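Asker: Sequence first, predicted model second:
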Amino acid sequence: MKIVPQELLIQFDAQMNATGISAELQAFYRRWLRFYLDFCHKYGHAPKNADSLPHFINKLREKNQGKQLQKQAYDSILTYYAVFGIVPDWLGEPSRAPAVSERQVSYKKDDFDENYHWKAVYTKLSDEIKVRHYSPKTLKAYSTWTRKFQNYVKGKQPEQVTVDDVKAFLTFLAVERKVSASSQNQAFNALLFFFRNVLGQEFGKVDGVVRAKRKPYIPVVLSRSEVDLIIGKLRHPYDLFVKLLYGCGLRLTECITLRINNFNIDARILTVHDGKGKKDRTLPLPVTILPEVERQFEVVRSMHRKDLEKDIAGAFMFDAIEKKYKNAGQEFHWQWFFPAKDLTWVSDTGEYRRAHLHERHAQKAIKTVVKRAQLSKRATAHTFRHSYASHLLQANYDIRTIQELLGHSDIRTTMIYTHTVQSRTLKESKSPLDF
């Protein structure tokens with residue numbers, strides 16, 4: 001996808017501010033503008049011709065985008081037209097919109113007002129999670145379950161929902177949707193947080209709910225030959241990515257968010273900052289991949305040098321470090337070890353920044369290779385972490401050592417790997433007197 005010119009984004013932001021578009025919606029409007037310009041480029045439409053908009057909306061319909069998203073895209077492109085003073089001659093008269101398919105571009109405001117009453121709820125939910133320094137994934141999961149709960153209670157206002165609605169929703173998930181036990185528990189935790197911290201209501205007891213039973217889970221473990229087979233089929237940088245997943249037992253997010261300063265090549269140590277539960281830990285860096293790590297340093301160094309020449313603001317930083325150290329994002333040791341190829345526009349500061357590799361790209365690369373390798377096991381990015389722990393246990397590493405290397409808070413979490421390796425206990429029948 002092509003980068004939207006900075007000058008256009010500045011004009012677009014000014015138009016959104018002038019028309020009173022909320023800061024929450026502006027990020028979505030910018031995304032729809034990128035999609036629209038990319039659509040026009042791909043299918044040969046003129047972006048500044050209002051007749052292109054119905055084609056774009058119908059494309060969204062073909063992709064089964066909901067009415068709410070269609071309306072959001074529609075409004076964002078009208079905002080784009082306003083930048084250039086373009087007023088479609090069919091605006092306000094949907095029946096005059098250029099017919100592209102059997103369904104013309106027409107909207108009723110009532111179709112899109114349903115979610116407006118919940119807008120403040122999601123804003124407060126986001127604030128409450130951020131003030132507790134929960135991870136972005138927790139915010140995404142809790143927001144998703146709250147939205148599903150909202151859809152379940154239909155037209156009810158936030159202050160009208162009760163614990164009985166929660167009971168009915170959780171039972172619906174278990175009986176009708178047949179969700180897993182972990183998903184149902186996550187939904188319960190999300191709604192518990194929602195009631196207590198957003199609505200300010202006491203949750204109380206939730207009795208009489210059909211709960212899905214969680215069964216013991218034994219993780220999939222790859223053999224060393226299967227790990228080597230997958231790595232051998234991956235292209236750069238995904239081959240090095242998987243080597244770090246397996247060689248250091250990293251979680252997917254931990255590997256993606258590695259920065260240059262996480263590596264201590266001389267000491268052969270990798271330091272993981274802010275892992276799960278905001279915990280730090282150090283890991284031995286595999287000696288065999290040190291040359292590849294050095295080569296990746298050079299790739300990042302070259303990309304960083306070009307970014308500085310273009311006056312790019314640098315890598316995204318975390319928390320308040322940007323304010324404390326103004327130019328930290330432009331320093332080499334803060335650069336991502338696996339940087340994204342494309343830059344990201346930041347409207348608040350009016351600049352481009354470099355993000356890290358997207359986790360979906362890594363997941364897709366691994367999934368494609370696993371499928372091509374025709375393994376008899378279902379392997380994902382997390383499977384390499386399971387394999388790391390199991391192979392250490394197989395090599396007679398102490399379970400407490402493995403717990404520390406994995407960053408587990410509870411030894412019971414690590415103990416699951418005792419089920420993934422062959423028992424070396426003697427099975428001969430003997431009397432205790434003969435021991």
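Answerer: Noted; the coordinates are in hand.

Asker: Tell me how far stretch 36-47 lies from the chain's centre.
Answerer: Between the centre of stretch 36-47 and the centre of its chain there are 27 Å (C-alpha atoms, centre = their mean, to the nearest Å).

Asker: Would you mark the buried spots in it?
Answerer: Residues 36, 37, 39, 40, 45, 47 are the ones in stretch 36-47 that count as buried (16 or more other C-beta atoms under 10 Å). The way it works is simple: take the backbone N, C-alpha and C, and place the C-beta from them, glycine included.

Asker: Now, these that are in helices?
Answerer: 36, 37, 39, 40 (DSSP state H).

Asker: Can you tell me which of the residues you listed comes closest to residue 391?
Answerer: When those are compared for distance to residue 391 (C-beta to C-beta), residue 39 comes out closest, at 47.4 Å.

Asker: In terms of helices and strands, where is the closest residue to that closest one other than its chain neighbours?
Answerer: Leaving out its chain neighbours, the residue that sits closest to residue 39 by C-beta to C-beta, 6 or more residues apart in numbering is residue 56, at 5.3 Å. For residue 56, the element it lies in under DSSP states H and E is helix 52-62.

Asker: what does residue 355 give?
Answerer: strand 351-356.

Asker: And stretch 252-266, what's buried?
Answerer: Buried, per 16+ other C-beta under 10 Å, within stretch 252-266: 252, 253, 254, 255, 256, 257, 258, 259, 260, 262, 263.

Asker: what about residue 193, how many residues close to it?
Answerer: Residue 193 sits with 20 neighbouring residues when counted by other C-beta atoms under 10 Å.

Asker: An error on my part: the question was meant for residue 187.
Answerer: When neighbours are defined as other C-beta under 10 Å, residue 187 has 24 of them.

Asker: list the contacts for it?
Answerer: By C-beta atoms under 8 Å, 6 or more residues apart in numbering, the contact set of residue 187 is 145, 148, 149, 169, 170, 173, 179.

Asker: about what we covered before: check which helices and strands the following helix or strand past the strand holding residue 355 sits against.
Answerer: Note on strand 351-356: by DSSP H and E, the next helix or strand toward the C-terminus is helix 359-373. The contact analysis (3 or more C-beta pairs under 8 Å, 6 or more residues apart in numbering; DSSP states H and E) places helix 359-373 against helix 224-233, helix 238-248, helix 252-256.

Asker: for the stretch 151-300 of the chain, what are the low-confidence residue spans?
Answerer: Scanning the stretch 151-300 of the chain for pLDDT under 70 picks out 155, 206-216.

Asker: now the strands: where do they sit in it?
Answerer: Secondary structure of the stretch 151-300 of the chain by DSSP state E, counting those that start in this stretch: the strands cover 263-264, 269-272, 281-284.

Asker: okay, those, which one's buried deepest?
Answerer: Of all those, strand 269-272 has the most neighbours on average by mean count of other C-beta atoms under 10 Å, namely a mean of 18.

Asker: Render the CA-only coordinates of that one in CSV, please.
Answerer: Extracted in CSV, the C-alpha atoms of strand 269-272 (Å, rounded to 0.1, in the frame of the first residue of the first chain):
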residue,chain,number,x,y,z
ILE,A,269,23.1,-12.4,26.2
LEU,A,270,19.6,-11.4,25.1
THR,A,271,17.6,-9.2,27.5
VAL,A,272,13.9,-9.3,27.2
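
Asker: Surely residue 366 touches residue 381?
Answerer: Yes: using C-beta atoms under 8 Å, residue 366 is in contact with residue 381, at 5.5 Å.

Asker: Report the set of residues contacting both of those two.
Answerer: Common contact partners of residue 366 and residue 381 (C-beta under 8 Å, 6+ apart): residue 242.

Asker: For residue 83, give me the pLDDT.
Answerer: If you check residue 83, the pLDDT there is 90.

Asker: got a markdown table for the strands of the stretch 151-300 of the chain, with distance to residue 134 too?
Answerer: Listed next are the strands of the stretch 151-300 of the chain as a markdown table, based on distance: least, C-beta to C-beta, whole Å:
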| stretch | distance to residue 134 |
| --- | --- |
| strand 263-264 | 28 |
| strand 269-272 | 18 |
| strand 281-284 | 20 |
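
Asker: Nearest approach to residue 303 belongs to which of those?
Answerer: strand 263-264 (16.6 Å).

Asker: And that closest one, what does it pack against?
Answerer: Packing partners of strand 263-264 (3+ C-beta pairs under 8 Å, 6+ apart): strand 269-272.

Asker: and the strand it packs on, how far from the chain's centre?
Answerer: Centre-to-centre, strand 269-272 and its host chain are 23 Å apart (C-alpha atoms, centre = their mean).

Asker: and if you look at stretch 20-39?
Answerer: Taking C-alpha atoms, centre = their mean, one finds the center of stretch 20-39 at 19 Å from the center of the full chain.

Asker: Could you pull up the contacting residues of residue 401?
Answerer: Listed by C-beta under 8 Å, 6+ apart, the contact set of residue 401 reads residue 392.

Asker: go on, residue 219?
Answerer: With contact taken as C-beta under 8 Å, 6+ apart, residue 219 is in contact with 383, 386, 390, 416, 417, 420.

Asker: tell me the angle the strand or helix carrying residue 78 makes with helix 52-62.
Answerer: Take DSSP H and E as the rule and residue 78 turns out to sit in helix 67-83. Interaxial angle, helix 67-83 versus helix 52-62 (axes from the mean of the first three to the mean of the last three C-alpha atoms, to 10 degrees): 160 degrees.

Asker: So which elements touch helix 67-83?
Answerer: Using 3+ C-beta pairs under 8 Å, 6+ apart as the test, helix 67-83 ends up in contact with helix 6-18, helix 23-43, helix 52-62.

Asker: So which of the ones you listed is nearest residue 201?
Answerer: helix 23-43 (24.2 Å).

Asker: That closest one vs helix 52-62, what angle?
Answerer: 100 degrees.

Asker: by contact count, what packs against helix 23-43?
Answerer: Applying 3+ C-beta pairs under 8 Å, 6+ apart, one finds that helix 23-43 contacts helix 6-18, helix 52-62, helix 67-83.

Asker: could the ones in helices among the buried residues of stretch 36-47 go into JSON lines alongside distance to residue 278 and pLDDT?
Answerer: Formatted as JSON lines, those follow (distance: C-beta to C-beta, whole Å; pLDDT from 0 to 100):
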{"residue": "36", "distance to residue 278": "39", "pLDDT": "92"}
{"residue": "37", "distance to residue 278": "39", "pLDDT": "91"}
{"residue": "39", "distance to residue 278": "41", "pLDDT": "90"}
{"residue": "40", "distance to residue 278": "44", "pLDDT": "90"}
